[in-house]
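Novice: Dropping a prediction and its sequence here:
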Amino acid sequence: MTASAKIEDGIQSLSRVAIIDRRGKLGDGEVVFYHLIDGTEKGADRAALEGLDLDINYHHGNGRSYVILRERIRRTYPRLSRAHVLLFLATVLTTLAAGAILNGHNIFKEPWTIIQGWPFSLTLMAILGIHESGHYIFARRHRVDVSLPYFIPAPPPIIIGTFGAFIKMRGPIPSRLALLEIGAAGPIAGFLVAVPALIYGLHLSTVVEIEAGGFFLGDSLLMKAATALMFPGLEAGEDILLHSVGFAGWIGLLVTMLNLLPMAQLDGGHIAYALLGDRQEWLGRAILVALIPMGIFLSPNWLFWGFLILILMRTVKHPPVPDVNRPLTAYELIIGLVCLFVFILCFIPVPLKMS
């Protein structure tokens with residue numbers, strides 16, 4: 001029996017206890033809107049579909065019901081591929097190199113000193129890995145076909161040793177709640193690791209005299225608060241020489257902030273589309289336009305990031321997801337507010353500046 005025949009069999013079984021209002025394709029499956037026949041017992045829809053060789057996702061609320069039917073995915077290859085392992089090991093190596101260089105070691109003349117970069121490497125890899133694990137766990141929870149995280153190495157002179165990490169969602173998102181939880185889980189998880197890393201890194205940092213001609217890291221509200229807490233007596237001519245662990249925490253906050261921009265299929269795009277529906281496109285366009293004056297008057301980094309998003313994603317619009325126009329629940333609103341709060345805390349107007 002083919003996949004379409006299996007799904008058709010499921011729809012026929014459902015039609016014995018429910019009236020099918022409408023149906024449509026959703027990726028490799030079908031979404032079927034229905035209501036139970038009058039007098040039919042509650043749960044009859046589940047009983048009708050029980051035992052079928054299908055992946056079934058039920059959705060109920062506001063007097064409407066729909067079900068997503070897909071053929072069960074049977075994989076014959078391991079989820080942990082050679083590419084995962086090689087990219088992970090390469091990224092460990094490049095972040096070790098970045099950390100060693102940040103600590104003043106010349107790894108090209110003394111290659112063995114690369115191991116001195118382990119505090120930076122371990123911290124940054126943990127932040128990136130836990131960020132992506134948040135996405136992965138909630139994707140699996142919602143039965144979305146998803147890959148394990150891929151890490152992207154970046155050799156010197158890239159000062160942080162990596163271009164980040166990502167997971168590949170190979171199947172469609174079944175609902176608004178799934179999209180919201182999958183999108184929000186990564187930034188929230190990464191934030192919860194980056195904050196203690198930043199604070200501990202500040203504890204290990206030292207105060208130095210400001211010298212002209214150097215690069216300085218920009219301050220977010222969270223960075224300002226942590227600095228004021230850890231160094232209350234900092235004078236006007238002084239600055240903090242951030243320990244590599246603290247620098248990894250700062251990068252984690254920057255990555256969190258950038259990912260929460262409400263554009264395309266960034267984490268913020270997922271969250272904004274789940275909360276706003278089709279209005280997300282207008283918000284994404286407004287943010288993209290706002291990046292131009294920010295790039296001119298604040299930091300050229302904003303122009304680079306906006307250009308990079310357009311090149312990689314080609315649009316600010318998020319792909320459609322079922323039931324996105326239904327009323328939001330209190331739980332979904334709370335998730336959105338938490339993500340907005342995290343974005344505000346992490347926002348850095350001028351990420352890098354020169355004295």
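Specialist: Yep, that arrived. Residues are numbered from 1 along each chain as shown.
Novice: And stretch 348-355, what's buried?
Specialist: Residues of stretch 348-355 classed as buried: Ile348, Pro351 (neighbour count, 16 or more other Cβ atoms under 10 Å). Placement of C-beta: from N, CA and C, glycine included.
Novice: actually stretch 224-240, not the one I typed
Specialist: Buried residues in stretch 224-240, counted by 16+ other Cβ under 10 Å: Ala226, Thr227, Met230, Phe231, Asp239, Ile240.
Novice: How about stretch 292-305?
Specialist: Burial within stretch 292-305, assessed by neighbour count using 16+ other Cβ under 10 Å, is assigned to Met294, Gly295, Leu298, Ser299, Asn301, Trp302, Trp305.
Novice: Pull the distance from that stretch to the chain's centre.
Specialist: How far stretch 292-305 lies from its chain's middle: 23 Å, per Cα atoms, centre = their mean, to the nearest Å.
Novice: What of stretch 110-122?
Specialist: The answer for stretch 110-122 is 28 Å, by Cα atoms, centre = their mean.
Novice: just to revisit the earlier point, of the buried residues of stretch 224-240, closest to Ile271?
Specialist: Using Cβ to Cβ, Ala226 comes nearest to Ile271 of the buried residues of stretch 224-240, at 25.0 Å.
Novice: thought that closest one was touching Tyr200?
Specialist: No: using Cβ atoms under 8 Å as the test, Ala226 is too far from Tyr200 to be in contact (10.4 Å).
Novice: quick one on the thing from earlier: most widely separated two among the buried residues of stretch 224-240?
Specialist: In the buried residues of stretch 224-240, two members sit farther apart than any others by Cβ to Cβ. They are Ala226 and Asp239, at 14.4 Å.
Novice: which helix is the longest one in the chain?
Specialist: If you go by DSSP state H, the chain has its longest helix at helix 176-204.
Novice: any idea of the mean pLDDT for that one?
Specialist: For helix 176-204, mean pLDDT is 96.
Novice: Ok, stretch 286-304 next?
Specialist: Average pLDDT, stretch 286-304: 91.
Novice: Below-threshold pLDDT in the stretch 1-150 of the chain: ranges please.
Specialist: 1-3, 61-64, 73-78 (pLDDT under 70).
Novice: Show me where it has its strands.
Specialist: 18-26, 29-36, 54-61, 64-71, 150-153 (DSSP state E, counting those that start in this stretch).
Novice: Lowest pLDDT pick from the buried residues of stretch 224-240?
Specialist: Asp239 (85).
Novice: so who does it touch?
Specialist: Val207, Val208, Glu209, Ile210, Phe216 (Cβ atoms under 8 Å, 6 or more residues apart in numbering).
Novice: which among the buried residues of stretch 292-305 gets closest to Leu69?
Specialist: Out of the buried residues of stretch 292-305, the member with the shortest distance to Leu69 (by Cβ to Cβ) is Trp305, at 39.8 Å.
Novice: about what we covered before: who wins for neighbours among the contacts of Asp239?
Specialist: Most neighbours among the contacts of Asp239, by other Cβ atoms under 10 Å: Phe216, with 14 neighbours.
Novice: so where does the closest residue to that one other than its chain neighbours fall, helix or strand?
Specialist: Excluding its sequence neighbours, the residue lying closest to Phe216 (Cβ to Cβ, 6 or more residues apart in numbering) is Lys353, at 5.1 Å. Using DSSP states H and E, Lys353 sits within strand 352-354.
Novice: Can you pull the poorly scored residue ranges out of the stretch 201-350 of the chain?
Specialist: Within the stretch 201-350 of the chain, the segments meeting pLDDT under 70 span 212-214.
Novice: now the helices: where do they sit in it?
Specialist: Using DSSP state H, counting those that start in this stretch, the helices of the stretch 201-350 of the chain run over 221-230, 244-259, 267-276, 280-297, 301-313, 330-346.
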